[in-house]
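Visitor: Based on what follows, work out the 3D shape:
(one chain, ligands or ions: 1)
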Amino acid sequence: MADEPRIFSGIQATGRKTLGNYSGGFRQYAATQEQGDGFFCIVDLHSITVEYDPRDFHESTLDVAALLFATGLDAERSTIFAQSHVTAHAEAAWLLSAVTSYGQLGRMTQFKEKADAHEFVSAGLFTYPVLMAGDILLYRTDIVPIGDDQRQHLELTRDIAERFNYRYGETFTIPQGVFPEVGGRVMDLQEPAKKMSTTLSTEQGAVYITDESDVIRKKFKTAVTDSEKEIRHDPEAKAGISNLLEIMSVATAEPVAELERRFDGSGYGDFKEAVGEAVVALLAPIQERYRELRADERELQRLLAVGAEKARRASEPTLEAMYERMGFVKAEAGRLFGAARPRGL
Ligand code: TYM
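Guide: Next up, the predicted model:
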């Protein structure tokens, strides 16, 4: 519907999805889809910018599709699709690279972190944020639900949109980020100063959405805290406990202040156990739905095909406007090969 806000977000097609992805990603997708016209994209073109195994790619893309539905996205209400199915994304990235500066891309912290972690640094890893800007801008997006780690990429997207609008005339909506109040940056359980990450966390430091319940319990039991006794939210001084409070709040929807009161005087051991149980209770029904959905690959592919068709229709006018405003000659194929073609030619 025209007056509903446009919502767009994306998630990588590779890597085991973590509780961080749940908090900053999945949970917000399901919540925001109620507020407008939602587009949720499995960003498979982004996934090839770091080393990956092409033999697993197909499976992991469908895993993410199943998780998107298992965590509450509704294919009737929203558009769920794979980025590579809509060629406008790759085209938009190229066009927008003309209004993105080299210097800005070099300042992206995610690029610097990932470049440090890999021996082979692809050109795609460097230009990655331009592709992301295209994803968002093609849909004239109003709001982008994301975790804290994507804040800088969204700022760049806004800059790119403004520069394009200034150079070529008003074309893009300037998008706003939507970040969770609590759980916008879920931290690693073993190294609470670092983000819980699909690629950079250790097995013990990250909780995966599809982890078995006993594995989850154990990860929380061994979570790193501090040498005090107080269960208090203070991310500077008490990173581990603060992270656990936020995780519990995400899992139970209880505000952090209430949790502080509830666990006032409890020991860290009991508290960690309670957080583990809350996360098990949160994830168990998701895992069950995930297994059901994942078993029917053809249905998942059908749903993605429906999404791709809707996404193509929604993005096409923006891509056309971009070419036109940038001064490209329109390819009038119809004139040469269509009805106007003289007989005999
Ligand atoms: P990705 O696939 O790394 O992560 C998907 C979502 O999960 C959030 N997230 C977290 N939130 C809280 N705590 C954490 N520890 C944590 N780890 C991940 C991310 O913020 C994200 O919202 N570049 C994007 C994908 C993308 C995109 C887009 C997003 C491509 N195009 C357009 C929005 C709009 C990425 O790599 O997300």
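Visitor: State the mean pLDDT of stretch 262-274.
Guide: Mean pLDDT, stretch 262-274: 97.
Visitor: Can you pull out the residues in contact with that stretch?
Guide: Outside stretch 262-274, the residues within contact range by Cβ atoms under 8 Å, 6 or more residues apart in numbering are Arg217, Phe220, Lys221, Ala223, Thr225, Lys229, Ile231, Ile241, Leu244, Met248, Glu254. For glycine as for every other residue, the C-beta is placed from the backbone atoms N, C-alpha and C.
Visitor: just stretch 47-60 next, same as before
Guide: 12-15, 44, 114, 118, 120, 122, 124-125, 128, 199.
Visitor: residue contacts, Asp234?
Guide: Contacts of Asp234 (Cβ under 8 Å, 6+ apart): Ile241, Ser242.
Visitor: Got the confidence number for it?
Guide: So Asp234 comes in at 97 (pLDDT).
Visitor: Phi first, then psi, for the residue in the stretch 101-250 of the chain positioned nearest to the ligand.
Guide: Closest contact between the stretch 101-250 of the chain and the ligand, by Cβ to the nearest ligand atom, is at Gly147 (2.4 Å). Backbone torsions of Gly147, given as degrees, to the nearest 10, read phi -80, psi 170.
Visitor: how much space is there between it and Val250?
Guide: Separation of Gly147 from Val250 (Cβ to Cβ, to the nearest Å): 11 Å.
Visitor: Can you pull the residues that touch both of those two?
Guide: Ser23, Pro180, Val186.
Visitor: Among the residues you listed, which lie within helices?
Guide: Of the shared contacts of Gly147 and Val250, none are assigned to helices by DSSP state H.
Visitor: Off-centre distance for the biggest helix by length in the chain?
Guide: Ranked by residue count under DSSP H, the longest helix found in the chain is helix 297-325. Distance of helix 297-325 from the chain centroid (Cα atoms, centre = their mean, to the nearest Å) equals 18 Å.
Visitor: Which residues belonging to that helix are considered buried?
Guide: Neighbour counts using 16 or more other Cβ atoms under 10 Å place 300, 303-304, 307-308, 310-311, 314-315, 318-319, 321-322, 325 of helix 297-325 among the buried residues.
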